[in-house]
Every structure is written in structure tokens, then in C-alpha cells.
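Novice: No letters, just coordinates:
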């Protein structure tokens, strides 16, 4: 049985979700202890229970310690992931995106194609909003040969949640390695500025502010188009904006979420400045996308190489976990402008 100290690296929920995903994918018994030990409310929270239960169920895994506040979980997979039709209710405004981060790799290697309906939060602080998952992560997975479609049916905001997302995943035999270097050309910059159960001018002001900042940047000659969405059904009130730049190497994303007392112009400006930082580094993917792609690099056959602006603590943790559990190897080469992450994948096949 592989044992993982849940306090290593960033020591949060991502470590637990990725550990369980790798356990199920590889059919390896796993024990995670000291779960979220560095947090003010250590142990499992409701959103973690849902993620672990969902991933474990795909492999009919035996699970111990699955309760609120538990600091140790043991997973014993009994079969290969099944896939198929799933319905998941996180039960709170817990992030659907964070659940997907760990569940998608498992579903890609399942026995059959999957269609999953998930209920929870679609725009949640400290997590990528669903439009980022649609227009950045899902598109980046195509570089690995994976096909994932994400449909936003209903938005859900903190604290009520209630958002609905439908996801279709085509099973895959194996993942392709990727080689994504500094980009030479930005082909276009797009975005979605959205508002729910609030005046539409908020979304318009977010978009205008983002456009103003981007047009002042060195990338002002690039095709720029930000759509306004105020029609998608929603539970609760909320706003946000997601931007993405398509280059000759990859896709860079950035976002910002509206809050009470936060001006719409500030929301748009934040997202634009985040995107400009990534563009100025000529990164192939943004720093948060890299967090998500480590597991795919580790499962692909051969050496994958990605240039990014920086390596986050989440990415470092993912690299360590994949090495310990999956047996992949990696190197990180830092420069003044960014980092090159190389991962020698295990070439997982089903």
C-alpha cells in the first residue's frame, strides 16, 4: 500500500483528490494521512467527501475514513474505472471545477464513454470558473488527444450553489505527449463576461474595462472579442469574467470574480492584467492550467515538455504525487522569464 502524507506541498484538498484519482487509475491501494493538516479546519470537508466518493465509486473501491473531519483515508480499488452515466450532487456551493480536475483523468481511461451531470458551484472563489474549464482546460486536453465537452446548464454561486454542468468524456486508449514552448504569435484573445440576476450593465462594464487594459498592452493588434452573457439561468446572484488567448503553442487563461463592494471595472481589469502577465512571459499555458496538466503529462507516453511563467505550489505537489504514486519522473528548469517542466510519463494504456 502506498502511503501519502497529506501535509506535504500545498497540503490541501487537491493533494487528496489527485492521490485518489491516481490510486483508482493505477489500481493501487492507497493511504492518505494528515489530510489538510495545514488548514484552519483540518480533515475532510463536505466537498472532499463528494470527490473521494465519486472517484472511488468508479472503480468499486473499498474506502475507509470517509467522514467529515477525518484526517486519514484508505482507498482499495477493486476494478478498472467503469465510466458511463453519472449524476453527482456536491450538496453545497462546492466547486464543480475542482471535482472535475480529479475526475476527468479517471473518466478518460474508463471502460466506456461517460456523460456526467454535476450540481454545485460554477463560480467559486479559489477555483477556476466553469467557462475557464470550457475554453481553456478542455481545449488544452486536445493536445494530449483527449476529447472532453463541458456544457454549462445553470450557474451556481456561493453560498447557494445549485449550478448544473453536463460533461461528456470520450474514453481513450492512451495519451499523447506534448511539446509546448514559448509562443511566437497570439492568434486571438476572447472572453466571456457574465452576470446572473443582476443588471446586465455590470457584465458590460467588466468587458469594457478588460478591453481597455488589453488594448493598451503590447498585444493591442490581436483580434479581441469578449461576449456578454446574461441569459444563462442561475441560482443566486453573481458576476465574473474569463479571458483566454489562443497562440501558436497553446491557450492562456485568466479570470476574475465579482464580489459585493467590488466595482465591475476592477473585475475586468484584474482578469486583463493576469492575462497580460502570462502573455508577456510568452507562456504556452498559464500557471493554473499547468497545475491541471501535470497528471496528464505523467500518464502520457514519452517526455512531455511545457513552458510556463511560473510553477505554483499546486503544480509542485502534483509533480511529487505523480512521481510517488505513478512512477513518472520530472525536471524543472527555471529561467528569468519562466520555467520549463519536463515529465517522463508512464504511458498508461487501457
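Specialist: Received it, and whenever you're ready, just let me know what you need. Keep in mind it's a predicted model, so treat the numbers as computed, not measured.

Novice: Measure how far the helix or strand hosting residue 207 is from the centre of its chain, please.
Specialist: Using DSSP states H and E, residue 207 falls within helix 201-215. Between the centre of helix 201-215 and the centre of its chain there are 25 Å (C-alpha atoms, centre = their mean, to the nearest Å).

Novice: in the helix or strand that it is followed by, what's buried?
Specialist: Downstream of helix 201-215, the next assigned helix or strand under DSSP H and E is strand 223-229. Going by neighbour count (16 or more other C-beta atoms under 10 Å), the buried part of strand 223-229 is 224, 226, 228, 229. All C-beta spots, glycine's among them, are computed from the backbone N, C-alpha and C.

Novice: so residue 115, which of the three states?
Specialist: strand (DSSP: H, G, I helix; E, B strand; the rest coil).

Novice: hmm, back to that, what packs against the helix holding residue 207?
Specialist: With contacts taken as 3 or more C-beta pairs under 8 Å, 6 or more residues apart in numbering; DSSP states H and E, helix 201-215 sits against strand 186-196, strand 223-229, strand 238-247, helix 264-280.

Novice: Please identify the most buried of those.
Specialist: Stretch with highest mean neighbour count among the helices and strands packed on helix 201-215: strand 238-247 (a mean of 26; mean count of other C-beta atoms under 10 Å).

Novice: what's next to the helix or strand that that strand is followed by, contact-wise?
Specialist: Next in sequence after strand 238-247, counting helices and strands by DSSP H and E, comes strand 251-257. Applying C-beta atoms under 8 Å, 6 or more residues apart in numbering, the contact partners of strand 251-257 are 123, 125, 128-129, 131-132, 135-137, 139-140, 206, 238-245, 266-268, 270-272, 274-275, 278-279, 283, 285-286, 288-289.

Novice: before we move on, the earlier item: the buried residues of strand 223-229 into TSV, with extra columns for pLDDT?
Specialist: As requested, the buried residues of strand 223-229 are arranged in TSV below (pLDDT from 0 to 100):
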residue	pLDDT
224	95
226	97
228	98
229	97
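
Novice: For residue 67, state which of the residues you listed is nearest.
Specialist: Nearest to residue 67 among the buried residues of strand 223-229: residue 229, at 38.9 Å, using C-beta to C-beta.

Novice: residue contacts, the nearest residue to that closest one once chain neighbours are set aside?
Specialist: The shortest distance from residue 229 to any non-neighbouring residue, by C-beta to C-beta, 6 or more residues apart in numbering, is to residue 194 (4.2 Å). Going by C-beta under 8 Å, 6+ apart, residue 194 touches 131, 155, 203, 228, 229, 230, 232, 239, 240, 241.

Novice: nearest spatial neighbour of the first one, skipping sequence neighbours?
Specialist: Which is residue 131. Per C-beta to C-beta, 6+ apart, closest to residue 131 is residue 242, 4.1 Å.

Novice: buried set for the worst-scoring helix or strand of the chain on mean pLDDT?
Specialist: Within the chain, confidence by mean pLDDT, DSSP states H and E is lowest for helix 46-58 among all helices and strands, at a mean of 89. The neighbour-count check on helix 46-58 (16+ other C-beta under 10 Å) flags 47, 48, 49, 50, 51, 52, 54, 55, 56, 58 as buried.
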